[in-house]
Each structure stands twice: as C-alpha cells, then as structure tokens.
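Asker: predicted model, plus sequence, below.
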Amino acid sequence: VKQAWEKKEGDRMLRNERYFGNIYRSFTLPAELDESASVATYNNGVLELKLVKKAAAPGKRLAVR
C-alpha cells in the first residue's frame, strides 16, 4: 500500500487506498442493498461503487391484551 487513509464524516466512513502493481481486494456487502439501483464504474484504474440501501420494511402493529 502506497497510501491509505480513513475519516469519518457524520455517519459516513470514507476510505482511500492507492496500490502499485497487481492487487486483489475483497469485502462483504450487507444483504440490505438494492442491487437494481446500485452502480459500479471503473475508470482510469478507479473503482467507484454507489450502493443504495433497500427501503426499510414497515413495522407491524400488535394488539396487546
């Protein structure tokens, strides 16, 4: 790794990494992603992921006796 940094802005975590040579990177994505609305682009050696969360399911009301 030539350079890596992380910073937290509110509820967002930003990460930047720069490598030289061949690399392999993997990570696990949460299951709550809307795959049809998410987009991945690769341009000039930069992979950009725009991941969209699925809408939260409405809660259920239960009658209390």
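Answerer: On my side now, so go ahead.

Asker: how near is the residue most central in space within the chain to R25?
Answerer: The centre of the chain sits closest to L51, judged by C-alpha atoms, centre = their mean, with a distance of 5.3 Å. Per C-beta to C-beta, to the nearest Å, L51 is found 16 Å from R25. From N, CA and C alone the C-beta is placed, and that goes for glycine too.

Asker: just give me the neighbour total for L33.
Answerer: 13 (other C-beta atoms under 10 Å).

Asker: correct me, but it touches L49?
Answerer: No. Here L33 does not reach L49: they are 10.0 Å apart, not a contact under C-beta atoms under 8 Å.

Asker: how about the nearest residue to the residue nearest to the centre of the chain, chain neighbours excluded?
Answerer: The shortest distance from L51 to any non-neighbouring residue, by C-beta to C-beta, 6 or more residues apart in numbering, is to S38 (4.8 Å).

Asker: what sits against that neighbour?
Answerer: Applying C-beta atoms under 8 Å, 6 or more residues apart in numbering, we find S38 in contact with 49-52.

Asker: now do L29
Answerer: So L29 contacts L51 (C-beta under 8 Å, 6+ apart).

Asker: tally of neighbours for the closest residue to K53 other than its chain neighbours?
Answerer: Excluding the flanking residues, the one nearest K53 by C-beta to C-beta, 6+ apart is E32, at 5.7 Å. Residues contacting E32 under the criterion other C-beta under 10 Å number 12.

Asker: pull up the gap between E32 and R15, please.
Answerer: On the measure of C-beta to C-beta, E32 and R15 end up 20 Å apart.

Asker: try A31
Answerer: A31 is 21 Å from R15, by C-beta to C-beta.

Asker: equivalent analysis for L47, please.
Answerer: 12 Å.

Asker: low-confidence ranges, this structure, go.
Answerer: Applying pLDDT under 70 to the chain flags residues 1-14, 16, 18-19.
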